[in-house]
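Novice: quick one, fold the following:
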Amino acid sequence: MIKFITELKLINLDNGYYRLAEDFVVDVHGFKYLVPKGFRTNLANTPKCLHSILPPDDPRYINAAVLHDYLYSGGYRLSRAKCDKVFYDVMVAEGNSVVLSFFMYLAVRMFGSSHYKH
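Specialist: Presented below is the predicted three-dimensional model:
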């Protein structure tokens, strides 16, 4: 089960990046992940050619993207595969279709390695 303990609150830095205005806490299958206030994110790192259908700030996956960015930054020292699985699970829990969730999951599996910091 996935539960959002706090609401995601962002400050737009006007350069394609955002900063968390408050801690963001998500319970994923009984483990609470905390993304700290002040964390800097670019939301979903989708290719510019897809921004018309998959914009970086789409509310359908913004929570999953911010948590995933933090996990990739080394916040919890998880394997890349585990970070990507958490991303997928949060996408589905937010009501996204399995097709969209799996497409986004495949994208981070195939193209996310250069952003993974461990």
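Novice: which strand or helix spans residue 34?
Specialist: strand 31-35 (DSSP states H and E).
Novice: identify the residue nearest residue 32 in space, chain neighbours excluded?
Specialist: Excluding its sequence neighbours, the residue lying closest to residue 32 (CB to CB, 6 or more residues apart in numbering) is residue 25, at 5.9 Å. (Each C-beta comes from the backbone N, C-alpha and C, glycine too.)
Novice: buried residues in the helix or strand hosting the one you found?
Specialist: Taking DSSP H and E as the definition, residue 25 sits inside strand 24-28. Neighbour counts over strand 24-28 (16 or more other CB atoms under 10 Å) mark 24, 25, 26, 28 as buried.
Novice: gap between stretch 29-47 and the chain center?
Specialist: How far stretch 29-47 lies from its chain's middle: 5 Å, per CA atoms, centre = their mean, to the nearest Å.
Novice: cool, and stretch 67-86?
Specialist: Taking CA atoms, centre = their mean, one finds the center of stretch 67-86 at 9 Å from the center of the full chain.
Novice: list the buried residues of it.
Specialist: Of the residues in stretch 67-86, 67-73, 75, 78, 80, 83-84, 86 count as buried by neighbour count, 16+ other CB under 10 Å.
Novice: so which of those belong to helices?
Specialist: 67, 68, 69, 70, 71, 72, 80, 83, 84, 86 (DSSP state H).
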